[in-house]
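Peer 1: let's see this in three dimensions:
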Amino acid sequence: MNYLETLKNIAKDNKRKKENLILLLVLLVILLISINYIFSSDNSTKDTTVENKVEEQTVQSESIEDRISEILSQISGVSEVSVIINYSNNGNTNVVYDTKETLNENGNVTSVEKNVAYNEKSGEKTAIIQMYNTPSVEGVIVVAKGVESSDLKQRLSTALGNLLGIASYKVQVFEK
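Peer 2: Numbering: from 1, shown residues only. Alright, predicted model coming up:
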C-alpha cells in the first residue's frame, strides 16, 4: 500500500483529520519536552561539577585547619588549639577544552567552537583538569591554651610559616 494514498484518504475524512491533527500536536509537545530534557541535563552536569569543586575546596580547607589544630595540640604545654587560615583567593581550576575551528576557502578561521573535554566513568562526567592553582594563604590565627611564653609563640609562628609557605609575621598566636 502506498503511504501517500493513505495520507490522502485520511486528509479527505474531516473527522479523522481533527483526530490526526490532535495526535500530531501531542507528538510535537512530547518531542519538544524530550529535546529540552536532553539539552538541560548536559547543563546541569556542568553546574554540578562546578558546585562539587567549590564544596571540595571548602572541605579541604576545613580539613587542613583541623589537621593543623590536631598537630599543634600535640606540642608539649599546648592544648585546645583553634586555627583559622585566611586565603586571598579560592584557587582555580584550568580545564582542557576541545577546540574546533572552521576555515573558509581562503584558509582563514571563520569560527571557533570550544567545549569542555570530559572523562566519563560509569555514567558520570568529570572535566579533564589541566592544572589546579591552590589558594594563596594570606594569614593565620591560632588560639590555644598554654602559649603564655613568647618563645613558644615564636616557635608556633615559625612552624606554621614553614608549613604553609608564608612569612612567620603573617601568623598570629594568642592565649586562650
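Peer 1: what domains does the record give for the chain?
Peer 2: Residue ranges for each domain of the chain read 3-91+134-175, 92-133, as given by automatic domain parsing.
Peer 1: among those domains, show me which one is buried the most.
Peer 2: Among these, the stretch with the highest mean neighbour count (mean count of other CB atoms under 10 Å) is domain 3-91+134-175, at a mean of 13. In short, each C-beta sits where N, CA and C put it, glycine included.
Peer 1: mean confidence (pLDDT) on that one, please.
Peer 2: Mean pLDDT, domain 3-91+134-175: 78.
Peer 1: for Glu80, what are its contacts?
Peer 2: Contact analysis of Glu80 by CB atoms under 8 Å, 6 or more residues apart in numbering lists 73, 144-145, 176.
Peer 1: switch to 10 Å and redo it
Peer 2: Listed by CB atoms under 10 Å, 6 or more residues apart in numbering, the contact partners of Glu80 are 69, 73, 143-146, 176.
Peer 1: adjacent strands (with direction) for the helix or strand where it lies?
Peer 2: Under the criterion DSSP states H and E, the helix or strand holding Glu80 is strand 79-87. Paired strands of strand 79-87, with direction, are strand 137-145 (antiparallel) (DSSP bridges).
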